[in-house]
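Participant: sequence plus the predicted model coming up.
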Amino acid sequence: MGARTWLGEWPMFRQATGSDPLGRGSAVQSPRTQALGPRTSDADEVVKSVCPYCAVGCGQNVYVRDGRVTQIEGDPDSPVSRGRLCPKGSASTSLVTSPSRVTTVRYRRPYGTEWEDLDLDTALDMIADRVIDARRKGWQDTDEEGRVLRRTLGFSSLGGATLDNEENYLIKKLFMALGAIQVENQARI
């Protein structure tokens, strides 16, 4: 290996001897850097989504390859964020792909002393059974004067401020469709 070849590995030498004296182009790129491509170029599909962290609703492009999320970036077509994400939104990939992501529900049976893990399908079935039972037991079709009520006082909803607008909207529609009239948000309390 000659001295010129060895020195050619240094960006400063390439800058001084090459056609890029300001060091803004090829002089500062190593062969490894030149061989790199965008992380998103090998995606099978791009899915439009919304950042889950706050109520701003920043748009995201979710890059999927072989059925797995490979990258999440800001959506430049979003009128809300115009392609920008905050640090939490930029870290959305780890929310989805982290090996420490919780995929079970912790449950303690009535009068139990130990917690157990339930899969999500079992937990959702238990919740649905309890909602149906509470709705049936607390249903009020009419009041004492015969006025139509069609409501239940058997359950209520208390939303959180970390939910975005779409989630709060869907929760409100769900509970109103179930007949609940006590729908509130923690942000107002």
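Facilitator: Received it, and whenever you're ready, just let me know what you need. Bear in mind the structure is a predicted one, so any value in this text is a computation, not a measurement. Numbering: from 1, shown residues only.
Participant: just the strands in the protein please.
Facilitator: Per DSSP state E, the chain carries strands over the ranges 45-50, 59-65, 68-74, 104-107, 116-119, 139-142, 148-152, 157-159, 183-185.
Participant: run through who's touching the fourth one.
Facilitator: The set of residues external to strand 104-107 that reach it, using Cβ atoms under 8 Å, 6 or more residues apart in numbering, is Trp115, Glu116, Asp117, Leu118, Asp119, Leu120, Thr122, Ala123, Met126. C-betas here are computed from N, CA, C, even on glycine.
Participant: okay if I get the strands of the chain as TSV plus mean neighbour count, mean pLDDT and distance to Arg39?
Facilitator: Converted to TSV, the strands of the chain look like this (neighbours: other Cβ atoms under 10 Å; pLDDT from 0 to 100; distance: least, Cβ to Cβ, whole Å):
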stretch	mean neighbour count	mean pLDDT	distance to Arg39
strand 45-50	13	89	12
strand 59-65	19	90	8
strand 68-74	18	87	5
strand 104-107	12	92	30
strand 116-119	12	93	32
strand 139-142	12	91	53
strand 148-152	14	91	49
strand 157-159	15	84	35
strand 183-185	14	83	38
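Participant: so what's Arg130 up against?
Facilitator: Contacts of Arg130 (Cβ under 8 Å, 6+ apart): none.
Participant: and it, how far is that from Thr122?
Facilitator: The gap separating Arg130 from Thr122 is 13 Å, by Cβ to Cβ, to the nearest Å.
Participant: Lys88 too?
Facilitator: 31 Å.
Participant: which residue packs closest to Ser92, ignoring adjacent ones?
Facilitator: Ile72 (4.5 Å; Cβ to Cβ, 6 or more residues apart in numbering).
Participant: verify the stated contact: that neighbour with Val96.
Facilitator: Yes: the pair Ile72 and Val96 passes the contact test of Cβ atoms under 8 Å, sitting 7.3 Å apart.
Participant: how is the chain divided into domains?
Facilitator: Using automatic domain parsing, the domain parsing of the chain gives 3-35, 45-97, 123-188.
Participant: would you turn those into a markdown table with distance to Tyr111?
Facilitator: Shown next, in a markdown table, are the domains of the chain (distance: least, Cβ to Cβ, whole Å):
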| stretch | distance to Tyr111 |
| --- | --- |
| domain 3-35 | 62 |
| domain 45-97 | 35 |
| domain 123-188 | 16 |
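Participant: most tightly surrounded among these?
Facilitator: Comparing the domains of the chain by mean neighbour count (mean count of other Cβ atoms under 10 Å), domain 45-97 ranks first with a mean of 16.
Participant: can you tell me which helix or strand of this protein has the lowest average pLDDT?
Facilitator: Least confident helix or strand of the chain, by mean pLDDT, DSSP states H and E, is helix 3-7 with a mean of 54.
Participant: dump the top helix by length along the chain to CSV, restricted to CA.
Facilitator: When the chain is parsed with DSSP state H, its longest helix is helix 120-138. Only the C-alpha atoms of helix 120-138 are listed here, as CSV (Å, rounded to 0.1, in the frame of the first residue of the first chain):
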residue,chain,number,x,y,z
LEU,A,120,-54.7,-10.1,25.2
ASP,A,121,-57.5,-12.2,23.7
THR,A,122,-58.4,-13.6,27.1
ALA,A,123,-58.3,-10.2,28.7
LEU,A,124,-60.5,-8.6,26.0
ASP,A,125,-63.1,-11.4,26.3
MET,A,126,-63.2,-10.9,30.1
ILE,A,127,-63.7,-7.2,29.7
ALA,A,128,-66.5,-7.7,27.1
ASP,A,129,-68.3,-10.2,29.3
ARG,A,130,-68.2,-7.7,32.2
VAL,A,131,-69.3,-4.8,30.1
ILE,A,132,-72.3,-6.8,28.8
ASP,A,133,-73.2,-7.9,32.3
ALA,A,134,-73.0,-4.4,33.8
ARG,A,135,-75.0,-3.0,30.9
ARG,A,136,-77.7,-5.6,31.3
LYS,A,137,-77.9,-5.0,35.1
GLY,A,138,-77.8,-1.2,35.0
